[in-house]
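>>> here are the coordinates; sequence isn't available:
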């Protein structure tokens, strides 16, 4: 049952009804039953992998995780990490050892594996006591909104959901459904429409050269953001309708002033996980500049391979690592020279440079191979055709008519407009909540109609899943 299916909306609405109808003491059981149903319906094979992984991790916490010291404690943690990582490496590594052919990848394995590893490591570090209740641990591990594409959960933060009263809160309930609706808007009106143009150009880059490729590269940056952020918003919003809180995963990433700043804003739960469980244990920045740079390159190589076991993903990760290494050197020089903070113009320039670097890296990420990427770069500079920007026929060649492009442009403006307001700490949901009831419902209905009328559907609807669902 995909997030983009109407059956998902019906499922969540029905589970909302059951959840708030039964006595409070049974509500956590409703969530567990609903999550098990969802995961088994999505994929029985994936559900079995997940249950096996969570039982191994729970068993570690109840046994070896309680030991105060001794060899068995460290060996137990190592064994659990190996057991959790083996399926992930096996399935995701097919691109290297299986001639580039992919295998069936259990849904959500990239996300729940990191969540379970963080739990095991935190127990080993004595950060908190192991969970004694198997049902509570299962809810943390298998909570259906976060299972497909995250965000990556940390048990100490997530446990607050288990301790909450879970009483009905109208404001939080409506806020949750608003976020779900915004997620669908980003997916159908922005991401999927941009995706048509990106796929057309990337598939015909020898004919659609010059600015066609440049436009497609920028559109892919927007497509990936709208697609992934849309999915996460649906997950966050769904959880909020039940009074649960998930960790935010984005904070206006294209307003970043550097690559380091970008990774503080993009896929924040993955960035935080890599920092806490790889970068800091390697020594972080505590062992000198050279060691810090090596640690950065290791972390981003791992990040690349986490997304996929292809050379394009590895090179993409290394590129981001190299950019951050360069920024470390520059920042140290600025500290020595006591350089002043940039003004508005300087910030705009830095933001633009960061976006261009990120977009260039996304071209590597999106390419089918390094040869494909090299062809894209070569053909992007093969000709100069600025008329592409204003030529209506150009949009048609990229897969959309001028009329079909209008909702996409307005959707992009809405996306970055909302991000600008959030950057200024202005909440659109709070603003909406202060409007009269009739105004609020006019806004809701207008958003629903916008998604239904201007969203991209058709024959590809069932196959046009969220991009990050395959990572």
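Good, I have the coordinates. This one's a predicted model, so the numbers in the text were calculated from it and none came from an experiment.
>>> Could you grab the helix/strand/coil label for residue 107?
Classification of residue 107 using DSSP: H, G, I helix; E, B strand; the rest coil returns coil.
>>> My error: substitute residue 127 in the last question.
State at residue 127, reduced to three classes by three-state DSSP: coil.
>>> pretty sure it contacts residue 156?
Yes - counting by CB atoms under 8 Å, residue 127 touches residue 156, with 6.6 Å between them. C-beta: built from backbone N, CA, C; applies to glycine.
>>> Stretch 364-383: end-to-end distance?
With CA to CA, to the nearest Å as the measure, stretch 364-383 spans 21 Å from end to end.
>>> can you tell me the average pLDDT over it?
Stretch 364-383 comes out with an average pLDDT of 93.
>>> centre of the chain versus it, how much separation?
Centroid displacement of stretch 364-383 relative to its chain, using CA atoms, centre = their mean, to the nearest Å, is 25 Å.
>>> How about that stretch, which residues are buried there?
Neighbour-count burial for stretch 364-383 flags 364, 365, 366, 367, 373, 375, 376, 377, 379, 380 (criterion: 16 or more other CB atoms under 10 Å).
>>> how close does the last one get to residue 363?
It stands for residue 380. For residue 380, the distance to residue 363 (CB to CB, to the nearest Å) stands at 9 Å.
>>> which residues do the two both contact?
The contact sets of residue 380 and residue 363 overlap at residue 217 (CB atoms under 8 Å, 6 or more residues apart in numbering).
>>> Output the below-cut-off pLDDT ranges for the stretch 1-150 of the chain.
Applying pLDDT under 70 to the stretch 1-150 of the chain flags residues 1, 65-72, 93-106.
>>> Name the surrounding residues that touch the strand or helix carrying residue 291.
Assessed by DSSP states H and E, residue 291 sits inside helix 289-307. With CB under 8 Å, 6+ apart as the test, helix 289-307 has contacts from 92, 110, 270, 274-275, 278-279, 282-285, 313-318, 320-322, 324-325, 328-329, 332, 365, 471.
>>> Please apply the same query to stretch 383-398.
With CB under 8 Å, 6+ apart, stretch 383-398 has contacts from 196-197, 200-201, 208-212, 215-216, 401-402, 404-405.
>>> my read: residue 188 touches residue 456, true?
Yes - counting by CB under 8 Å, residue 456 is a contact partner of residue 188 at 5.8 Å.
>>> Just want to know which of the two has more residues nearby.
Between residue 188 and residue 456, counted using other CB atoms under 10 Å, the more crowded position is residue 188 (24 against 21).
>>> Contacts only, for the residue nearest to the more buried one when sequence neighbours are not counted.
If the residues on either side of it in the chain are set aside, residue 188 comes closest to residue 455, at 3.0 Å by CB to CB, 6 or more residues apart in numbering. Going by CB under 8 Å, 6+ apart, residue 455 touches 184, 185, 187, 188, 189, 192.
>>> ok, the second one - contacts?
Applying CB under 8 Å, 6+ apart, we find residue 185 in contact with 230, 411, 414, 447, 450, 451, 455.
>>> so which of those is the most crowded?
Neighbour counts for those, by other CB under 10 Å, peak at residue 230, which reaches 26 neighbours.
>>> And the pLDDT for that residue?
pLDDT recorded at residue 230 is 92.
>>> what about the residue nearest to it when sequence neighbours are not counted, neighbour count?
Spatial nearest neighbour of residue 230, excluding adjacent residues (CB to CB, 6+ apart): residue 186 at 3.4 Å. By other CB under 10 Å, 28 other residues sit near residue 186.
>>> Same question for residue 206.
For residue 206, the count of nearby residues is 11 (other CB under 10 Å).
>>> Name the helix or strand for the nearest residue to it once chain neighbours are set aside, please.
Counting by CB to CB, 6+ apart, residue 379 is the residue found nearest to residue 206 once chain neighbours are left out, at 6.3 Å. Here residue 379 sits within helix 370-380, counting by DSSP H and E.
>>> what residues does that helix touch?
Contact partners of helix 370-380, identified using CB under 8 Å, 6+ apart, comprise 202, 205-206, 209-210, 213-214, 217, 311-312, 315, 363-364, 367.
>>> and after whatever helix or strand residue 199 lives in, which helix or strand comes next?
Under the criterion of DSSP H and E, residue 199 resides in helix 192-203. Later in the chain than helix 192-203, the nearest helix or strand by DSSP H and E is helix 211-241.
>>> That next one packs against which elements?
Helix 211-241 makes packing contacts with helix 6-21, helix 144-147, helix 170-185, helix 192-203, helix 344-366, helix 370-380, helix 402-423 when contacts are defined by 3 or more CB pairs under 8 Å, 6 or more residues apart in numbering; DSSP states H and E.
>>> Can you check what angle separates that helix from helix 402-423?
Relative orientation of helix 211-241 versus helix 402-423 (axes from the mean of the first three to the mean of the last three CA atoms, to 10 degrees): 50 degrees.
>>> Could you give me the buried positions within the helix or strand just after helix 211-241?
Next along the chain after helix 211-241, taking DSSP H and E as the criterion, comes helix 259-265. Using 16+ other CB under 10 Å as the test for burial, helix 259-265 gives 259, 260, 261, 262, 263, 265.
>>> what's the burial count for residue 144?
Neighbourhood size, residue 144 [other CB under 10 Å]: 26.
>>> Same question for residue 290.
Residues lying near residue 290 (other CB under 10 Å) number 8.
>>> Same check on residue 155?
That count, for residue 155 with other CB under 10 Å as the rule, works out to 24.
>>> is it true that it touches residue 118?
Yes - counting by CB under 8 Å, residue 118 is a contact partner of residue 155 at 7.3 Å.
>>> Closest one of the buried residues of helix 259-265 to residue 20?
Among the buried residues of helix 259-265, residue 265 lies closest to residue 20 (CB to CB), at 34.4 Å.
>>> Could you check stretch 231-248 and say which residues are buried?
Within stretch 231-248, the residues that count as buried by 16+ other CB under 10 Å are 231-244, 246-247.
>>> do the same with stretch 42-52
Residues of stretch 42-52 classed as buried by neighbour count (16+ other CB under 10 Å): 42, 43, 46, 47, 49, 50, 51.
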